[in-house]
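Q: here you go, sequence then predicted model.
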Amino acid sequence: MQKTVPFSLKQAQTWRDRFGTPIYVYDEAGIRNTVSDVQKAFSWNKGFTECFAVKATPTPAIIRLLASMGCGTDCASISELVISKASGLSGRKIMFTSNETSAEAYKKAVELGAIVNLDDITQIENLERAAGIPDTVCLRYNPGKFEINGKSATSSIMGNQADSKYGMTREQVFEAYRILKEKGVSHFGLHCMAASCSLDSVYYPTLAEMMFSLVLEVRQKLGIEIEITDFGGGVGIPYRPEQEKLDIISIGEAVHDVYDRLIRANGMEVAIYTELGRFVTGPHGYLVTSVRGLKHIYKEYVGVDATACDLMRPAMYGAYHHITVLGKEKEPIKVDVCGSLCENNDKFAIDRILPKADIGDILVIHDAGAHGRSMGYNYNGFLRCGELLMHADGTVSLIRRSESLDDLFATFDVDEGFSYDA
Ligand SMILES: Cc1ncc(COP(=O)(O)O)c(C=O)c1O
């Protein structure tokens with residue numbers, strides 16, 4: 001089975017001539033369609049907001065695009081808050097879900113009127129000291145054990161909930177709400193992200209069941225009416241061509257049933273927030289790279305100009321990313337596709353059957369639109385690549401240029417200034 005690429009070889013060659021490779025290409029129409037689907041799926045819920053996880057694709061043009069469609073953001077750091085603000089967002093459109101948070105970050109979040117989502121009960125004190133206790137506070141719950149269809153919701157990305165560093169225990173959640181109520185908080189949220197990249201359609205409905213039950217219990221035991229339930233991200237995408245895409249509309253309908261049974265039937269109203277990152281931009285981002293070398297030793301290697309510095313998921317998690325050799329379909333051979341880092345895990349594919357590639361061919365690495373460029377790093381002094389936004393008419397805008405040596409060296413020899421001859 002194959003995955004399709006929404007641009008032609010000719011387009012990719014033109015972009016290579018103009019901007020060089022490697023380069024990311026995001027498909028604007030694809031992102032818009034997916035956001036519309038998510039919003040349609042939860043349109044029955046008053047206050048529904050997709051707070052896009054900025055960490056997935058922290059590029060202002062992407063955040064502006066999403067903000068223009070009514071999305072908010074989920075931020076984990078000061079820079080993500082600043083990007084959100086620069087994209088026109090503030091107040092309840094920003095969920096600040098951080099951990100081991102600095103005083104500066106709390107200050108910035110409160111200044112923007114963001115909803116502060118506390119990762120731990122001890123953070124109440126830190127928040128109060130740093131920025132005062134705001135009117136609205138959300139709490140991140142870690143259920144310890146979370147099963148989907150009778151199976152533990154583990155993943156190579158998040159692991160078991162009981163082994164995950166995020167969130168508070170059930171007892172701590174109750175205690176934290178009690179303390180915050182005493183301190184004058186009048187609006188409350190409840191957050192839980194219990195899986196990552198789940199391809200199980202019952203993940204969100206199961207999470208909803210657990211969270212809505214907790215909402216009812218909090219009302220009953222503490223007299224607190226939780227106004228927002230934030231399901232986090234975690235809805236997966238089919239990285240492999242044989243995997244099936246989730247139907248977000250039917251997921252929304254299943255959550256609706258749980259909502260009616262638990263929330264509506266008890267005379268309550270709760271806004272649902274999601275923090276989808278991967279689901280929104282993942283399938284619509286492509287890493288475009290050129291073949292630089294072909295090596296025949298004990299195995300066959302296709303060397304490309306992208307490295308794990310541009311996309312580290314395969315090196316970090318052994319993650320599968322589909323690869324298309326643009327314009328080629330014949331002569332399948334088994335190859336490793338690798339970058340040029342001095343790290344043997346700098347491979348985008350291992351033992352992959354691909355059409356025979358030649359030097360100069362363009363390879364497209366699929367599903368790189370989330371947690372791709374954003375996880376990049378500069379090992380070996382490699383410069384991270386730029387990003388293009390492809391519009392519906394096939395034209396592109398350069399939304400981030402590739403890094404330069406000046407960028408990389410900007411922090412050296414602060415007093416005297418680092419001078420170099422490139
Ligand atoms: C708190 C939080 N929200 C949302 C996300 C986005 O997850 P995904 O991109 O898998 O939807 C993450 C991912 O790391 C996260 O940590």
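A: Cool, the structure landed.
Q: burial check on the nearest residue to Ala56 once chain neighbours are set aside, number of neighbours?
A: Nearest residue to Ala56 in three dimensions, chain neighbours excluded: Gly277, at 2.9 Å (Cβ to Cβ, 6 or more residues apart in numbering). Using the backbone N, CA and C atoms, a C-beta is placed for each residue, glycine as well. Neighbour count for Gly277, taken as other Cβ atoms under 10 Å: 25.
Q: distance of Gly277 relative to the ligand?
A: Using Cβ to the nearest ligand atom, to the nearest Å, one gets 3 Å for the distance from Gly277 to the ligand.
Q: next: Leu190.
A: Distance from Leu190 to the ligand, by Cβ to the nearest ligand atom: 13 Å.
Q: returning to what we had before: list phi and psi for the residue nearest to Ala56.
A: phi -110, psi -70 (degrees, to the nearest 10).
Q: my read: it touches Gly232, true?
A: No. Judged on Cβ atoms under 8 Å, Gly277 makes no contact with Gly232 at a distance of 9.7 Å.
Q: quick check: neighbours shared by these two?
A: Here Gly277 and Gly232 have Asp74 as joint contacts, going by Cβ atoms under 8 Å, 6 or more residues apart in numbering.
Q: what's the pLDDT at the residue nearest to Ala56?
A: Note on Gly277: pLDDT of 98.
Q: report the contact partners of it.
A: Contacts for Gly277 were tallied using Cβ under 8 Å, 6+ apart; they are Phe52, Ala53, Val54, Lys55, Ala56, Thr57, Asp74, Gly233, Ala370, His371.
Q: most neighbours among those, please name it.
A: Going by other Cβ under 10 Å, Phe52 tops the contacts of Gly277 with 33 neighbours.
Q: in a strand, that one, correct?
A: Yes. Counting by DSSP: H, G, I helix; E, B strand; the rest coil, one finds Phe52 located in a strand.
Q: was I right to think it contacts Ser68?
A: No. At 12.0 Å, Phe52 does not count as touching Ser68 under the criterion of Cβ under 8 Å.
Q: show me the contacts for the residue in the chain that the ligand sits nearest to.
A: Here the chain gets closest to the ligand at one residue, Gly233, 2.3 Å apart by Cβ to the nearest ligand atom. Counting by Cβ under 8 Å, 6+ apart, Gly233 touches Ala53, Ala56, Asp74, Met193, Ser196, Thr274, Glu275, Leu276, Gly277, Arg278, Phe279.
Q: could you tell me how far stretch 44-52 lies from the centre of the chain?
A: Relative to its parent chain, stretch 44-52 has a centroid offset of 17 Å by Cα atoms, centre = their mean, to the nearest Å.
Q: Tyr377 and Leu311 touch, don't they?
A: No. Contact criterion Cβ under 8 Å: Tyr377 and Leu311 do not qualify, at 10.8 Å.
Q: between these two, tell me which one has more neighbours.
A: Remark: of Tyr377 and Leu311, Leu311 carries more neighbours, 29 against 13, as counted by other Cβ under 10 Å.
Q: now do the SS call for Tyr24.
A: Reduced to three states by three-state DSSP, Tyr24 is strand.
Q: same check on Ile359?
A: coil.
Q: that's a helix at Ile333, yeah?
A: No. According to three-state DSSP, Ile333 belongs to no helix; its state is strand.
Q: can you tell me the average pLDDT over whichever strand or helix holds Asp17?
A: Assigned by DSSP states H and E, Asp17 belongs to helix 9-19. Averaging pLDDT along helix 9-19 gives 98.
Q: which parts of that helix are buried?
A: Gln11, Ala12, Gln13, Trp15, Arg16, Phe19 (16 or more other Cβ atoms under 10 Å).
Q: check stretch 109-117 too.
A: For stretch 109-117, by 16+ other Cβ under 10 Å, it's Ala109, Val110, Leu112, Ala114, Ile115, Val116, Asn117.
Q: which residues does the fourth one contact?
A: Ala114 makes contact with Cys75, Leu81, Ser84, Ser90, Gly91, Ile94, Met95, Phe96 under the criterion Cβ under 8 Å, 6+ apart.
Q: the residue nearest to the first one when sequence neighbours are not counted: neighbour count?
A: Taking Cβ to Cβ, 6+ apart, and ignoring the residues beside it in sequence, Cys75 has Leu81 as its nearest neighbour in space, at 4.8 Å. If you count neighbours by other Cβ under 10 Å, Leu81 ends up with 24.
Q: hang on, Leu81 packs against Lys108?
A: Yes. Leu81 is within contact range of Lys108, at 5.0 Å (criterion: Cβ under 8 Å).
Q: so Leu112 sits against Val82, correct?
A: No. The criterion here is Cβ under 8 Å, and Leu112 misses it with Val82 at 9.1 Å.
Q: ok, now which ones touch Ala306?
A: Thr21, Pro22, Leu287, Thr289, Gly339, Phe348, Ile365, Cys385.
Q: would a markdown table of the residues you listed with distance to the ligand, neighbour count and secondary structure be doable?
A: Below are the contacts of Ala306 laid out as a markdown table (distance: Cβ to the nearest ligand atom, whole Å; neighbours: other Cβ atoms under 10 Å; DSSP: H, G, I helix; E, B strand; the rest coil):
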| residue | distance to the ligand | neighbour count | secondary structure |
| --- | --- | --- | --- |
| Thr21 | 26 | 23 | coil |
| Pro22 | 22 | 25 | coil |
| Leu287 | 17 | 27 | strand |
| Thr289 | 23 | 26 | strand |
| Gly339 | 23 | 25 | coil |
| Phe348 | 20 | 28 | strand |
| Ile365 | 18 | 26 | strand |
| Cys385 | 21 | 26 | coil |
